[in-house]
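Student: sequence and predicted structure below; questions after.
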Amino acid sequence: QLQLVESGGGLVQPGGSLRLSCAASGFTLDDYTIGWFRQAPGKEREGVSCISRSDGITYYADSVKGRFTISRDNAKSTVYLQMNSLKPEDTAVYYCASRPYSNRWLYNFLRGGMNYWGKGTLVTVSS
């Protein structure tokens, strides 16, 4: 059974850092595109970052570019989202999601067209 489990969320002060983890099971991570999304209260879901597959090609939303870094460790079946210089507007539930790799991986991600989703982890940025 394919499963994604996020962890690493919590309360952090503005300017602080967190590292989110997305542990995958039930499938071979190498063959999948993995994305991070977030949804703040009263707002639409936003695609934050995506990594295509083992070639390491990445995408970042303008709102997080230069502050967030996505990476993957296929041996550990885990994808990470390192979040630095956090701002109150980064407060949201963060979800990881996956889809079998295709050359339309970025298009699929930007449309939110992912096949499998985790249950999310809450990130709160507040003083």
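Tutor: Ah, there it is.
Student: CA only for contacts and neighbour counts going forward, please
Tutor: Will do.
Student: what's across from the nearest residue to Tyr60 once chain neighbours are set aside in the sheet?
Tutor: Once flanking residues are discounted, Tyr60 sits nearest to Ser49: 4.5 Å by CA to CA, 6 or more residues apart in numbering. Residues in a beta bridge with Ser49, per DSSP bridges, are Trp36, Tyr60.
Student: for burial, what's the neighbour tally of Ser98?
Tutor: 26 (other CA atoms under 10 Å).
Student: just the one 4 residues further on next, same as before
Tutor: When neighbours are defined as other CA under 10 Å, Ser102 has 14 of them.
Student: check the residue most central in space within the chain and give its pLDDT.
Tutor: Against the mean C-alpha coordinate of the chain, by CA atoms, centre = their mean, the closest residue is Trp36 at 2.1 Å. Looking at Trp36, its pLDDT stands at 98.
Student: could you shift the numbering so residue one becomes 25, and keep it that way?
Tutor: Okay, using 25 as the starting number, the last item reads as Trp60.
Student: just the helices in this protein please.
Tutor: For the chain, applying DSSP state H gives helices covering 129-134.
Student: point out where it drops to low pLDDT.
Tutor: For the chain, residues meeting the criterion pLDDT under 70 lie at 78.
Student: hmm, 80 instead?
Tutor: 78-80 (pLDDT under 80).
Student: quick one on the thing from earlier: ok, the residue nearest to Tyr84 - contacts?
Tutor: 59-61, 82-85, 94 (CA atoms under 8 Å, 6 or more residues apart in numbering).
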